[in-house]
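Peer 1: okay, here's the prediction I keep looking at, along with the sequence it came from:
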Amino acid sequence: MNTRAFTMQLIAIAFAIIVAPLLIGWVNQCRAWLQNRRGPGILQPYRLIRKLFHKDAVIATNASPLFRLVPYVQFASMGLAAGIIPSLWTGLPFADAADTIALVGLFATARMFLALAAMDIGTAFGSMGARREMLVGFLAEPALLMVFFTASLISHSTSLPTMVNVLAHGPLAIYPSLAFASISFLMVLLAENARIPVDNPSTHLELTMIHEATVLEYSARHLALIEWASALKLFNYVCIGFALFVPWGLAQGLGNLPDLAIAVPALFIKLVAVGFGLALVETINAKMRIFRVPEFLASAFLLAVLGLLVHLLLGH
Amino acid sequence: MTDPTCAFFGITLIPVAWLVIGLLGLVRIRSVPWVGRILFPVSALLGLLLGAMALSGLALPAQTLVLPLGLPSLPFHVRLDGLSRFFLMLIGFTSAGISMFSAGYLRPGEGTPPGLMCLQYHVFLASMAVVVLANDAYLFMVAWESMALSSYFLVTTEHRLPEIRRAGFIYLLIAHIGAISILLCFGVLQGGSWRFTFDAMRAAHLTPLWASLAFVLALFGFGAKAGLVPLHVWLPEAHPAAPSPVSALMSGVMLEVAIYGLLRVTFDFLHAQLWWWGLLALGLGLFTALFGVVFAAAQTDMKRLLAYSSIENIGIIFLGVGLTIIFHAFHMALLAAVALAATLYHCLSHAFSKSLLFLSTGSVLHATRERSLGKLGGLIHRMPWVAWLTLIGTLAIAGLPPLSGFVSEWLLLQAFLFTPSLPHSFINMLLPIGAAALALVSALAAYVMVKFYGVIFLGQPREPTLQDAHDCGRPERIGLLWLALGCVLLGLLPVPILALLNSVSRELLGASLGGRLQHWWLLAPIAPERASYSPVLFMLSTVALVTLVTVAVHLLYHGKVRKTEPWGCGFPVVTARMQDTAEGFGQPIRQIFEPFFRMSRTLPSPFDTAPHYRVQVDDHFWYWLYAPVATVIQGVARMTAVIQRGRISVYLLFSFLTLLALLVFVL
């Protein structure tokens, strides 16, 4: 790994970390517009994070060290994921260290730590949140893996940058299998990022919470890190979606300036469109009952497997 | 005498030394210090030595030895090759941790006295080593049976309790059904030569029909020992009954020894000729894995939960064996090598992590006298050593990077991704479904492990007595630490370890990953652009990022912390009973996978003054398979009882009639 590649790798991670809250801000702003509200502005997530960092942390008396460690692990694993997922250029040396299967494993590790932290205090809602988070997780994870498998059968690689190179720069072809995979991926994205219809990110009713229930006991800097990590997770998922289904505009290799001049606006245009799309989905759908979530995710899983079978049947 | 021969003698002497240690336990049969402080640590050292010797010799060619023991026409044959060295290494290293733990675990109590238990334990260890070393069917079966018997006595250590005697009986019964099947398998394998050395079996040429029969018998026999569904029923009974080190040894080592047997017969004797064998093993493995993990999620006894988790892992291993057979039968050597590497790696990983978890349940059991998950909780504060080391085992079993379980799952999924290149369209379509099921199983395993760890170690103590729980002692810590270290090293250094497996792979398949393992830090079994994984880099960057973020947050802002009561969500009192119970945590799984279970539930009515909620989860196989079989056997037994009259004249009449019939035959 030479110095330039390493620097570019760090820049990619830093870029993702900085831009991620913007996406959440944009989604929330669009949601406000669609619901005839003025909205707080797209910079609100940054203000929230800043405010939280300045507060004193309040921790339950019976919290173990695990509880205090988890926000950092969350943030680090999402930052690490941002180093594997190409957002602007595909030349990510770190992607050699962890391919898509390891990426799914990384998300799973983060989820498991979050669930353990939620159980650590021993309140009713914490363990309920942990249980539900793991429920969503164990259904969404195989679906995500199947989506990756479909793409890797096309590109003959499990490394995300290689997949992008094949899909974006290979001969233009229409892959019916990817159509199935994309629907499945969208459903996984909604579930994994605690969006409506699976979970409501702005809920204040503990009984309906999934993700929010797991972080109920966190405050101040710990909460800031977790919120930031959630924003980063959404950004990561959206970038995975771009990489697999709309890879055009991504710079190849480490990216020279003219390529980046295309890649940056392309990314922002895609983010704007997807942010609006997410807000639309969240506005026109209602949150499901928790018992419906397994059906929703099982259909995502079956769609992904169907995509895989379609690929094998059609041969491309 | 050359050096390798020396090592060979050394290895064969270790089972003998274990037997001697076992006999020494009888010298002072009731003395815990003698057995615990002296014999078990020595035995742990011997295990370490065995592991090291086997490890250092992995690449050496096969060596054989004929011992002047055994039957007159069939002396004991011993053979040491790559496969047996690998499994000896597994036995040695895993048992080192378990024996060290046992040194601190023994307590004077009811049940079997410690000295006798020491004998049973070491006979068990030695017989497992001999199973792996044996090179003729006779020695193999003798060792196999003494393994079953010694472990039966270990399971029934607390033999004064009727349910433990029952568990032991079921274990012994299934062990023997399996043993009969293995015996028949050897009978088929000798192929008409009537020579029962393994060398003769290697040389025998069987027709596909006979070979298939031998494979199915082996799958059944070794599957019964390993816990393949539907022969898994003994595991969830025997494991909770046995003392924890014994559970660890049975789950972490004995199940893997059964896998050794299957690998030996399938690849070494039968050369894995037919692809449908692989499909059979793969299908059974997948079902076993899914079955195990779903049942594990519904358990409320911590050791039963782990027993079902073992069933799941055995399923994954069988799946790997199946995949290897399929690739091998289609002459795709490299892919077969990947699948075999995944299988062997999973054996190692499971040995370390499952032993660790069983031992930690032993510590919890000692500290709290409680096995039911519903009465534990919050032990991370009282038992930090056990809790943090168990966390490593938990993450490893759940198959999360960068620990050991993930490496084998990664390799298996990689192998699955190549199945579309198989020259058989039917399997091509079938196998991606297998990959999907494997993904589901590994995701569910994480759910199970969150339940296991969260309910035992996190949250608030569910019973007031847990306040006096104490952490484990020093020998126990060393044992746990060693096994946890194994999980971490297996996770971080897959390439050097896989490189060691090359000789095993060459022996069984005629191919290995060989030169593809160039960089010690980058695992790229096929080609770097195809797939690569570097746990060391992964770990380093995670640690670096965590440190960086921690330092940055504390430098830029502040590290002020206020301690207060947890937020009660508006309730006046928050009690420990408001946490999820083990039943509650498993409820979503029970609901989603309802057809798997046979459930009976009693719900309280709204007017109950003392509401009582009870749910019982049973295994369909008891009612669909075992109960009918038991009824039939009892019926047959009752019919034969007709001739049992209890009068000598009637029996003489029977003898007379038999003789008469024989005379008719002869004349």
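Peer 2: Sure, I can see it. Numbers count the residues shown, from 1 in each chain, chains lettered A, B, ... in the order given.
Peer 1: quick one: B:Ala143 from B:Ala398, how far?
Peer 2: 34 Å (CB to CB, to the nearest Å). (C-beta placed from N, C-alpha, C; glycine too.)
Peer 1: with A:Val305 instead?
Peer 2: Where B:Ala398 is concerned, A:Val305 sits at a distance of 23 Å (CB to CB).
Peer 1: with B:Met449 instead?
Peer 2: 4 Å.
Peer 1: quick check: neighbours shared by the two?
Peer 2: The contact sets of B:Met449 and B:Ala398 overlap at A:Met112 (CB atoms under 8 Å, 6 or more residues apart in numbering or on different chains).
Peer 1: the stretch 51-200 of chain B: helices as residue ranges?
Peer 2: Along the stretch 51-200 of chain B, the stretches classed as helices by DSSP state H, counting those that start in this stretch are B:82-105, B:114-133, B:137-155, B:162-189, B:198-203.
Peer 1: show me what the shortest one is packed up against.
Peer 2: Packing contacts for helix B:198-203, counted by 3 or more CB pairs under 8 Å, 6 or more residues apart in numbering or on different chains; DSSP states H and E, involve strand B:75-80, helix B:137-155.
Peer 1: what secondary structure does B:His271 sit in?
Peer 2: coil (DSSP: H, G, I helix; E, B strand; the rest coil).
Peer 1: can you get me a residue count around residue 99?
Peer 2: Chain wasn't specified; assuming chain A. Neighbour count of A:Asp99, defined by other CB atoms under 10 Å in any protein chain shown: 28.
Peer 1: should've been chain B
Peer 2: B:Ser99, neighbours per other CB under 10 Å, totals 28.
Peer 1: likewise for B:Gln63?
Peer 2: 18.
Peer 1: partner residues bridging it?
Peer 2: Judged by DSSP bridges, the bridge partners of B:Gln63 are B:Leu80.
Peer 1: relative to B:Ser512, how far out is it?
Peer 2: From B:Gln63 to B:Ser512 the distance is 20 Å (CB to CB).
Peer 1: same deal with B:Thr94?
Peer 2: Separation of B:Thr94 from B:Ser512 (CB to CB) stands at 24 Å.
Peer 1: who has more neighbours, the two?
Peer 2: Using other CB under 10 Å, the more surrounded residue of B:Thr94 and B:Ser512 is B:Thr94, with 27 against 24.
Peer 1: ok, and the closest non-adjacent residue to B:Ile14?
Peer 2: B:Leu50 (4.6 Å; CB to CB, 6 or more residues apart in numbering or on different chains).
Peer 1: am I right that A:Gly253 is in a strand?
Peer 2: No: using three-state DSSP, the assignment for A:Gly253 is coil, not a strand.
Peer 1: got a pLDDT number for the spatially closest residue to it that is not a sequence neighbour?
Peer 2: Nearest non-adjacent residue to A:Gly253, counting by CB to CB, 6+ apart: A:Gly91, 4.3 Å away. At A:Gly91, the model reports a pLDDT of 79.
Peer 1: A:Gly91 and A:Leu178: what is the separation?
Peer 2: A:Gly91 is 23 Å from A:Leu178, by CB to CB.
Peer 1: that older thread, of B:Ala143 and B:Ala398, which one has the most company?
Peer 2: More crowded of B:Ala143 and B:Ala398, by other CB under 10 Å: B:Ala398, with 28 against 22.
Peer 1: no further questions, thank you.
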